[in-house]
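In: 3D model of this:
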Amino acid sequence: MTDFLDSRVTERRNPRTANIDLASPAEIVDLINAEDATVAAAVHSQRKEIARAIEIAESTFRKGGRLFYVGAGTSGRLGVLDASEMPPTYGTNPEMVQGIIAGGHAALTRSQEGAEDRLESAVEDLEKHGVRQGDFVIGIAASGTTPYVRRALAHARSIGAATALVACSPPPKEALEHADVSIVAVTGPEVVTGSTRMKAGTATKLILNTITTGAMIRLGKTFGNLMVDLRATNDKLVDRSQRIVMEIAGLDRAAAKKVLDAAGGVVKTAIVMSILDIDRAEAEKRLSEQGGVIRRIVNREPPPVISK
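Out: Predicted structure coming up:
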């Protein structure tokens, strides 16, 4: 009798960890680490699909649209996490990338029982956030079957938003038909059966990191691999901002601070002002004309990497 078996890969038992309850702490570390080591390859298998999602995100942003992550449980929390990191890292408006989780804000810290099964709440949540034509909605569902996510994607597509699905188990046909791009990184059975905060969660985090980081790079928010569009909201970021301007423009700390102040604290504006010896208004004009890409404006390479 096998009626208890689940067709979802993320819900199957992992034969490699069947005796983990007898393992020592060191053996537990080794077993989990061995499973984690397979995640990167699963994500890489979806490189073309992830690249397509980056293209859609970039196009969406350039046209004034927004990116919304939609998920339940761990998947929803990962979406909210990725969205929340965009403003301090890349100086984006908080509206630009948003995370929607089944059960609302309370679900971030405490499980909301049954939230992922309430189909119409998905529509209500998208409407509450003002999702509209021209936006990009990415549904996140480790198992590929979450009803809340499926309904959200169906609604998003019906109003003219672009859609994508991120899953770690092959989704059913009815889930795939609502997605313009499907990213399915099959991570296999978890160390602890069904605990998708583990391998599936790690894969999801890698995928979301890549999509938003890729889109931000394409929007000119880096110069080489230097973060040039951050907002200095704490002492660490103030220091980082100054060091970036010092390195790129060849200034000392005092001069970097002065030009940053004149640029309103915006690193990329300060860099263009310093290198071209122009005022803030002219620097902002040139950045706007060149899609925010510093390299097109200053006509120089990023500084070489110096290793100690």
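
In: roughly how far apart are Glu282 and Ile297?
Out: As judged by Cβ to Cβ, to the nearest Å, Glu282 and Ile297 stand 11 Å apart. C-beta here means a position set from N, CA and C on the backbone, and glycine is covered the same way.

In: whoops, I mixed them up, Pro94
Out: 27 Å.

In: ok, back up a step: between Glu282 and Ile297, tell me which one has more neighbours.
Out: Comparing Glu282 with Ile297 by other Cβ atoms under 10 Å, the one with more neighbours is Ile297, at 20 against 13.

In: any idea which element that one lies in?
Out: Using DSSP states H and E, Ile297 falls within helix 294-298.

In: what comes up buried for that helix?
Out: Buried residues in helix 294-298, counted by 16 or more other Cβ atoms under 10 Å: Ile294, Ile297, Val298.

In: again, but for stretch 136-156
Out: Those would be 136-156, for stretch 136-156 by 16+ other Cβ under 10 Å.

In: Same question for stretch 212-231.
Out: Quick answer for stretch 212-231 (16+ other Cβ under 10 Å): 212-216, 218-223, 226-231.

In: His105 - how many residues pack around it?
Out: Neighbours around His105, by other Cβ under 10 Å: 8.

In: Quick one: the strands in the stretch 1-150 of the chain, in order.
Out: Counting by DSSP state E, counting those that start in this stretch, the segments of the stretch 1-150 of the chain that form strands are 67-71, 97-101, 136-141.

In: what's the distance between Val149 and Leu165?
Out: Separation of Val149 from Leu165 (Cβ to Cβ): 7 Å.

In: whoops, Glu190 was the one
Out: Relative to Leu165, Glu190 is positioned 20 Å away (Cβ to Cβ).

In: same question, Asp229
Out: Applying Cβ to Cβ, the value for Asp229 to Leu165 is 29 Å.

In: Then His178?
Out: His178 is 7 Å from Leu165, by Cβ to Cβ.

In: ranges for the helices of the stretch 201-308 of the chain?
Out: 235-249, 253-262, 267-276, 280-289, 294-298 (DSSP state H, counting those that start in this stretch).

In: Show me what the shortest one is packed up against.
Out: Same thing as helix 294-298. Counting contacts by 3 or more Cβ pairs under 8 Å, 6 or more residues apart in numbering; DSSP states H and E, helix 294-298 packs against helix 267-276, helix 280-289.

In: For the stretch 51-200 of the chain, which segments are assigned as helices?
Out: Taking DSSP H, counting those that start in this stretch, the helices of the stretch 51-200 of the chain run over residues 73-84, 86-90, 119-128, 147-158, 173-176, 199-218.

In: just checking, Ala83 touches Tyr69?
Out: Yes - if you go by Cβ atoms under 8 Å, Ala83 and Tyr69 touch, sitting 6.0 Å apart.
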